[in-house]
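Participant: return atomic coordinates for the entry below.
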Amino acid sequence: MNTTGFKRQRAAFQDLLYQQETRPGSAAGGDGQAKVPTGIQIGAGVKTGGVYRITEQGAPNQTGNRYDIAIQGRGYFQVTLPSGQIGFTRDGSFQLSEQGELVTADGFRVEPAIVIPPEAVDVAISKTGEVQVKLANDPALQTVGQIQLATFVNESGLEAQGGSLFLETASSGQPTVAAPGQPGFGDTLQGFVEASNVNPVSEITALITAQRAYEMNSRVVKTADEMLATSSQLR
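Facilitator: As a prediction, the model looks like this:
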């Protein structure tokens with residue numbers, strides 16, 4: 001609930017195979033003209049069919065850190081992993097490395113690389129991802145980089161790697177990269193991070209509902225057991 005950029009997930013269930021005691025539409029006997037309308041099919045239970053990620057927007061939280069960036073809308077930041085692969089994240093909690101590069105909390109470099117000069121006295125990041133710095137004794141802002149966002153046809157198909165990072169898969173499709181503010185891409189907001197989209201009220205309500213359903217079913221089993229015990233004594 002307090003993880004920056006976290007997206008809640010939901011499980012989808014499917015029923016398992018059925019045992020056919022009486023097939024629907026089979027002959028009911030007699031002259032063979034009558035057909036069984038429904039039959040008897042005994043299910044074997046259910047299984048988890050899939051767990052999909054709900055990618056709705058999380059609320060922006062102001063941090064005061066000028067290197068923190070939140071995405072308002074679609075898109076992922078691109079970072080270079082130690083393996084050389086490009087990872088994708090919604091966690092915009094960025095800092096500077098010893099070389100002045102914009103990096104994640106784990107030290108992974110943001111792509112394309114953005115280097116802040118050591119003599120910079122202020123940094124400004126626009127809604128379109130343009131990174132500008134103010135140098136001492138120079139009133140004009142100097143552009144030092146451009147943030148690029150990546151979008152996917154199927155964001156739920158991304159492979160979670162932990163650390164708020166995702167990898168491209170065949171299911172997600174290849175990334176489409178563009179500057180923030182372009183059609184289909186979100187804007188960037190400096191000094192903010194995106195909060196988790198988990199709604200604590202909804203989650204607690206769902207937990208209470210599940211607990212009450214369990215209690216009700218437990219009482220049904222207990223009552224049925226008591227009724228069977230009473231009938232056994234009557235015999």
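Participant: just checking: what are the partner strands of the helix or strand bottoming out on mean pLDDT in the chain?
Facilitator: When the helices and strands of the chain are scored by mean pLDDT, DSSP states H and E, strand 18-22 comes last with a mean of 83. According to DSSP bridges, strand 18-22 has the following sheet partners: strand 40-43 (antiparallel).
Participant: dump the strand it pairs with to PDB, restricted to CA.
Facilitator: The C-alpha coordinates for strand 40-43 follow below in PDB (Å, rounded to 0.1, in the frame of the first residue of the first chain):
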ATOM      1  CA  ILE A  40     -25.600 -34.600 -14.300                       C
ATOM      2  CA  GLN A  41     -22.100 -33.000 -14.400                       C
ATOM      3  CA  ILE A  42     -20.000 -33.000 -11.300                       C
ATOM      4  CA  GLY A  43     -17.300 -30.400 -11.200                       C
END
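Participant: next SSE downstream of that strand?
Facilitator: Downstream of strand 40-43, the next assigned helix or strand under DSSP states H and E is strand 46-53.
Participant: packing partners for the helix or strand just after that next one?
Facilitator: Using DSSP H and E, the helix or strand that follows strand 46-53 in sequence is strand 60-62. Strand 60-62 sits against strand 69-72, strand 192-194, with contacts defined as 3 or more Cβ pairs under 8 Å, 6 or more residues apart in numbering; DSSP states H and E. Heads up, the C-betas are built off the backbone N, CA and C, glycines and all.
Participant: winner for burial among these?
Facilitator: strand 69-72 (a mean of 24; mean count of other Cβ atoms under 10 Å).
Participant: ok, which of the helices and strands packed on strand 60-62 comes nearest residue 134?
Facilitator: strand 69-72 (17.9 Å; Cβ to Cβ).
Participant: what sits up against that closest one?
Facilitator: Contacts of strand 69-72 with the rest of the structure, by Cβ atoms under 8 Å, 6 or more residues apart in numbering, involve 57, 60-61, 77, 90, 92, 94, 125, 147, 149, 180, 186-190, 192-194.
Participant: recalculate using a threshold of 6 Å.
Facilitator: Outside strand 69-72, the residues that touch it by Cβ atoms under 6 Å, 6 or more residues apart in numbering are 60, 92, 186-190, 192-194.
Participant: which one of those is nearest to residue 220?
Facilitator: Among the contacts of strand 69-72, and counting by Cβ to Cβ, the member closest to residue 220 is residue 194, at 43.9 Å.
Participant: possible to save the helices and strands packed on strand 60-62 as a markdown table with mean pLDDT?
Facilitator: Below are these laid out as a markdown table (pLDDT from 0 to 100):
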| stretch | mean pLDDT |
| --- | --- |
| strand 69-72 | 95 |
| strand 192-194 | 95 |
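Participant: closest one to residue 136 among the ones you listed?
Facilitator: Here strand 69-72 is closest among those (Cβ to Cβ), at 24.3 Å.
Participant: just the CA trace of that closest one, in PDB.
Facilitator: Extracted C-alpha coordinates of strand 69-72, given in PDB (Å, rounded to 0.1, in the frame of the first residue of the first chain):
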ATOM      1  CA  ILE A  69       9.300  12.400 -11.100                       C
ATOM      2  CA  ALA A  70       5.800  11.100 -11.200                       C
ATOM      3  CA  ILE A  71       4.000  10.000 -14.400                       C
ATOM      4  CA  GLN A  72       0.500  11.300 -14.900                       C
END
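Participant: many thanks, I have nothing further to ask.
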